[in-house]
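Enquirer: how would this look folded up:
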Amino acid sequence: MSDGCHVVTGASSGIGAAVAKRLLARGERVVAVARRADVLQSLYGAEANARVVVADLADPSAVETVAKAAKDAFGPVRGFVHCAGFAAPAPLSLVDGAVARRLYAVHALFPMQFLGWMGKMPNHVAGASCVLVTSLDCHVGAKGNAAYAAAKGAVEGMLKGVAAELADRGVRVNAVAPGVVEPEMAKFAWMDRVSSEELAARRADYPFGFGRPDQVADVVDYFLSSASSWVTGQCLVADGGRSLK
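Expert: Below is the predicted model of the structure:
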């Protein structure tokens, strides 16, 4: 077991749950953050090395809530993985301002402010690593997803700036931009709303098929590990070959 802990947001499902479970399986301490207390308890209640934090990351108090819980439970942070997020598909003419602001708050503002807290000593251990999950939608246009892509684009926009600032403190910050990952957010956002023919057409755009949470967790694992100790400020697109089309 290494010193410190890993804070994983969006730990109740999908990529976040895959990352948190992998870390726990190898004996790491994990602070699992999500909105649903019942799901967090069912996933991590029996794990001695896990602490759950129920928080709405759009709430201005969320950074303080998560930071205090991590520090009180396990001390300084070794790793931060921001997987929390949601999609809100809508054509441009129907984009709701309140929803767009919430998208930005959850996807971009929370991690920026949490990184600001984490970067201060003694809130992190030496060699700490952070991974932000963005989206292929920042790189390949998708109709009806402009607000979501804008929020994820803000994450990629701040990446090099925060990485440069925190490099002086020995903290690395990288990102992964996944394509469609089944069955979580994509399913709830649009998969159940399209015809079988349209779904087959979208699947055909992925030479290696739609992704799985564990495949994205593999990339996160690389960025958290010493294998990437000379890498910071980079965004790796993991999309099964979709962007080659």
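Enquirer: for this protein, where's the lowest mean pLDDT among helices and strands?
Expert: Lowest on mean pLDDT, DSSP states H and E among the helices and strands of the chain sits helix 185-189, with a mean of 50.
Enquirer: please tell me how far the spatially most central residue of the chain sits from Ser2.
Expert: In the chain, the residue lying closest to the centroid (CA atoms, centre = their mean) is Cys83, at 1.9 Å. Relative to Ser2, Cys83 is positioned 20 Å away (CB to CB, to the nearest Å). C-beta coordinates here come from the backbone N, C-alpha and C atoms, glycine included.
Enquirer: what segments of this structure are helices?
Expert: 14-25, 37-44, 62-74, 97-104, 110-118, 146-167, 185-189, 196-204, 213-224 (DSSP state H).
Enquirer: and those helices, which one is worst for confidence?
Expert: Of all these, helix 185-189 carries the lowest average pLDDT, namely a mean of 50.
Enquirer: name the single longest strand found in this structure.
Expert: strand 124-133 (DSSP state E).
Enquirer: so what's the gap between stretch 163-171 and the chain middle?
Expert: Taking CA atoms, centre = their mean, to the nearest Å, one finds stretch 163-171 lying 20 Å from the centre of the chain it belongs to.
Enquirer: roughly how far does the residue sitting furthest away from the middle of the chain sit from Phe208?
Expert: Note on the chain: the largest C-alpha distance from the chain mean falls to Glu197, namely 30.3 Å (CA atoms, centre = their mean). Glu197 is 21 Å from Phe208, where distance means CB to CB.
Enquirer: now swap in Val125 and tell me
Expert: 36 Å.
Enquirer: which one's more surrounded, the two?
Expert: More crowded of Val125 and Phe208, by other CB atoms under 10 Å: Val125, with 18 against 11.
Enquirer: dump the residue contacts of Pro111.
Expert: 9, 80, 82, 132, 155 (CB atoms under 8 Å, 6 or more residues apart in numbering).
Enquirer: so Val133 touches Ala18, yeah?
Expert: No. Using CB atoms under 8 Å, Val133 is not in contact with Ala18, being 11.3 Å away.
Enquirer: any shared contact partners between those two?
Expert: By CB under 8 Å, 6+ apart, the residues touching both Val133 and Ala18 are Val216.
Enquirer: for those two, indicate the residue with more neighbours.
Expert: Val133 (28 against 24).
Enquirer: on that earlier part again, so which of the helices of the chain is the most surrounded?
Expert: Mean neighbour count, computed with mean count of other CB atoms under 10 Å, is highest for helix 14-25 among those, reaching a mean of 24.
Enquirer: using PDB, write out the CA atom coordinates for that one.
Expert: C-alpha atoms of helix 14-25 as PDB (Å, rounded to 0.1, in the frame of the first residue of the first chain):
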ATOM      1  CA  GLY A  14     -18.900   3.200 -15.300                       C
ATOM      2  CA  ILE A  15     -15.300   4.400 -15.500                       C
ATOM      3  CA  GLY A  16     -15.200   5.800 -12.000                       C
ATOM      4  CA  ALA A  17     -16.300   2.500 -10.500                       C
ATOM      5  CA  ALA A  18     -13.900   0.500 -12.600                       C
ATOM      6  CA  VAL A  19     -11.000   2.800 -11.500                       C
ATOM      7  CA  ALA A  20     -12.000   2.700  -7.800                       C
ATOM      8  CA  LYS A  21     -12.400  -1.000  -7.700                       C
ATOM      9  CA  ARG A  22      -9.000  -1.600  -9.400                       C
ATOM     10  CA  LEU A  23      -7.300   0.600  -6.900                       C
ATOM     11  CA  LEU A  24      -8.900  -1.100  -4.000                       C
ATOM     12  CA  ALA A  25      -8.000  -4.500  -5.400                       C
END
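Enquirer: and that helix, what does it pack onto?
Expert: When contacts are defined as 3 or more CB pairs under 8 Å, 6 or more residues apart in numbering; DSSP states H and E, helix 14-25 packs onto strand 5-9, strand 30-34, helix 37-44, strand 77-82, helix 213-224.
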